[in-house]
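Undergrad: Dropping the sequence and predicted coords here.
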Amino acid sequence: MSRLTVRNLLEDAKPFLQLKCLAGATNLWKDVSEAHIMKAGLLLAGVERDAQPDSIIVLGQKEISYFEQLKGRQRSEPVRQLIEFQPACIIVTKNLPVPRLLVTNCLEKKIPLFSTPLLTSRLLDNLETWIDENTRESTTMHGVLVDVLGVGILIVGPSGIGKSEVALELISRGHRLIADDLVEIVKQHGGHLMGQGRPLVSHHMEIRGLGIISIPALFGPTAVRDSKKIELVVELEEWQPKKEYDRLGIDELHRSILDVRLPLLTIPVRPGRSVATIIDVAARDRLLKERGIHSARLFHDQLDVVLATRAIQPSKGIE
Amino acid sequence: MREEIEVELVNEQGMHTRPAKLFVETAVRFTSEIEVSYDGLSANGKSIMGLLGLLAYRGCRLSISATGEDAKEAVTALAALVGSGFNE
């Protein structure tokens, strides 16, 4: 998982959080990847005492109003409470007036203190979403990601094996391209993988002999999509006469990407074999399997029955 | 054998179509697998669309790595090509 610090919130998340630094600018190193985000609430009144250290503490209208109705010395206690929890940072929303005492204490203790024009609810929402999106595990793979009948298929294999050509044939049959050659893969919190391409480049392909072509311009907007859940990996390789390829399809192989296990098919390429057709059929077979129908195993079981029956009553040939 | 080198994109256009083509033409002369990384992304050095996908512009620092028997020669040749600004 990538780590995020308070500095990332201030600088990289600027468009989403619009934080302005009021104190603690030299102390932005704390990790907020898994930080507890909390409204200060009763923490100020000293009622709540089990806040976790390194939290992100948010002060909204209620907190600031509560603070403002306190008189003189009463104000130092809630500030002390806040500081004592050693928050990763403190954020005041709605551009509310930040109590001077809080600013001076944060300056002194070097605790990052921010203000934002956003409403509390909006800030909390954006904060959680932004941290969530920026801490997901990701990787890039060389391959082509296509959507065949709704099944996201990542086609991998050595350069020059014809991945792009296979994808082009699938597209010309009405299937959809997500990315060619550079696929960004992000692990979602649900545990599945989403694949996407790079801006501009992903919906173009380079076909030897043709050059760079635009898929949506040639095939229409339905020939592409921006991202797709990856459900199957197809590995293309040169046909090796001595290698045993899967002839039965009863056992399934897997490939792990970011620790997510995906079914893997290895398809040997040689002249006269339409790899696109094989992938099209693989997608249909995948859909069947998702519905609990495993053709190869079903056939295996049916054959069991037929052979067993024949063993009991030996056939005398065609009558 | 694995070799890696870091080099700055110095040409005006950055990793545009012609530079990507020249890079790939050089890369395919070697049997090593070649990767080009930038900004947390890693592209196949023998794929034009892969390299273009990096969206790397002038001033970006690319990391070129090669794995294979001719890895050293490959990174040397590719770094020289990038360093020369793709002979622009």
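TA: That came through fine.
Undergrad: roughly how far out does the helix or strand of chain A with the lowest mean pLDDT sit from the chain middle?
TA: Lowest on mean pLDDT, DSSP states H and E among the helices and strands of chain A sits helix A:76-84, with a mean of 85. Per Cα atoms, centre = their mean, to the nearest Å, the displacement of helix A:76-84 from the mean C-alpha position of its chain is 39 Å.
Undergrad: Quick check: what element follows that helix along the chain?
TA: Using DSSP states H and E, the helix or strand that follows helix A:76-84 towards the C-terminus is strand A:89-92.
Undergrad: Show the average pLDDT along that next one.
TA: Across strand A:89-92, the average pLDDT comes to 94.
Undergrad: Show the average pLDDT along the helix or strand just after that strand.
TA: Towards the C-terminus, the helix or strand next in line after strand A:89-92, according to DSSP H and E, is helix A:100-109. Helix A:100-109 carries an average pLDDT of 91.
Undergrad: Would you confirm that A:Ile91 contacts A:Glu63?
TA: No. Under the contact definition of Cβ atoms under 8 Å, A:Ile91 does not touch A:Glu63, with a separation of 10.9 Å. Bear in mind the C-beta positions are built from the backbone N, C-alpha and C, glycine included.
Undergrad: Is the residue nearest to A:Pro158 when sequence neighbours are not counted within a helix or a strand, and which one?
TA: Residue nearest to A:Pro158 in three dimensions, not counting chain neighbours: A:Glu237, with 7.3 Å by Cβ to Cβ, 6 or more residues apart in numbering or on different chains. Taking DSSP H and E as the criterion, the element that holds A:Glu237 is strand A:232-238.
Undergrad: again with A:Lys228
TA: strand A:227-229.
Undergrad: on that earlier part again, and the residue nearest to A:Pro158, what's its pLDDT?
TA: In this model, A:Glu237 carries a pLDDT of 91.
Undergrad: For it, give its distance to A:Gly157.
TA: Here the distance between A:Glu237 and A:Gly157 works out to 6 Å (Cβ to Cβ, to the nearest Å).
Undergrad: Overlap of the contact sets of these two?
TA: Here A:Glu237 and A:Gly157 have A:Val269 as joint contacts, going by Cβ atoms under 8 Å, 6 or more residues apart in numbering or on different chains.
Undergrad: In terms of pLDDT, where does A:Val47 sit?
TA: At A:Val47 the predicted local distance difference test score is 69.
Undergrad: For chain A, give me its nearest residue in chain B.
TA: Per Cβ to the nearest Cβ, the residue of chain B with the smallest distance to chain A is B:Gly53, at 3.5 Å.
Undergrad: which bits of the stretch 201-319 of chain A sit near chain B?
TA: Counting by Cβ under 8 Å from any Cβ of the partner chain, the residues of the stretch 201-319 of chain A close to chain B are A:201-202, A:204-206, A:212.
Undergrad: Narrow these to those that are buried.
TA: A:201-202, A:204-206 (16 or more other Cβ atoms under 10 Å in any protein chain shown).
Undergrad: Widest-spaced pair of these?
TA: Set against one another by Cβ to Cβ, those have their most distant pair in A:Ser202 and A:Glu206, with a gap of 12.1 Å.
Undergrad: Between the two, which contacts overlap?
TA: Shared contacts of A:Ser202 and A:Glu206, defined by Cβ under 8 Å, 6+ apart, are found at A:Asp180.
Undergrad: mind checking pLDDT for the closest residue to chain B within chain A?
TA: Chain B sits closest to A:Leu182 of chain A, with a gap of 3.5 Å, by Cβ to the nearest Cβ. In this prediction, A:Leu182 carries a pLDDT score of 91.
Undergrad: these two touch, right, it and A:Val201?
TA: Yes. The pair A:Leu182 and A:Val201 qualifies as a contact (Cβ under 8 Å) at a distance of 7.2 Å.
Undergrad: residues shared between the contacts of those two?
TA: The contact sets of A:Leu182 and A:Val201 overlap at B:49, B:53 (Cβ under 8 Å, 6+ apart).
Undergrad: A:Glu34: neighbouring residues, count only.
TA: A total of 11 residues lie near A:Glu34 under the criterion other Cβ atoms under 10 Å in any protein chain shown.
Undergrad: SS state for it?
TA: Following DSSP: H, G, I helix; E, B strand; the rest coil, A:Glu34 is assigned to coil.
Undergrad: how near is it to A:Glu128?
TA: When distance is defined by Cβ to Cβ, A:Glu34 is 12 Å away from A:Glu128.
Undergrad: related to what we said a few turns ago, can you list the strands that the strand holding A:Glu237 pairs with?
TA: strand A:151-156 (parallel), strand A:260-269 (parallel) (DSSP bridges).
Undergrad: Buried residues of that strand, list them for me.
TA: For strand A:232-238, a neighbour-count test (16+ other Cβ under 10 Å) marks A:232-236 as buried.
Undergrad: Excluding chain neighbours, what is closest to A:Leu182?
TA: B:Gly53 (3.5 Å).
Undergrad: which residues touch that neighbour?
TA: Contacts of B:Gly53 were listed using Cβ under 8 Å, 6+ apart, and they are A:179, A:181-182, A:197-198, A:201-202, B:41, B:43.
Undergrad: chain center to the strand holding A:Lys228: distance?
TA: Computed by Cα atoms, centre = their mean, the chain-centroid distance of strand A:227-229 equals 9 Å.
Undergrad: Contacts for that strand, please.
TA: Counting by Cβ under 8 Å, 6+ apart, A:145, A:147, A:152, A:178, A:192-196 sit against strand A:227-229.
Undergrad: Close to chain A: what parts of chain B are there?
TA: For chain B, the contact set with chain A under Cβ under 8 Å from any Cβ comprises B:17, B:28, B:40-44, B:46-50, B:52-55.
Undergrad: 10 Å instead, please
TA: B:17, B:20-21, B:24, B:27-28, B:33-35, B:37, B:40-55 (Cβ under 10 Å from any Cβ of the partner chain).
Undergrad: and residue 15, how many neighbours?
TA: Defaulting to chain A. Applying other Cβ under 10 Å, we find 8 residues neighbouring A:Pro15.
Undergrad: could you do chain B instead?
TA: Burial of B:Met15, expressed as a neighbour count using other Cβ under 10 Å, amounts to 25.
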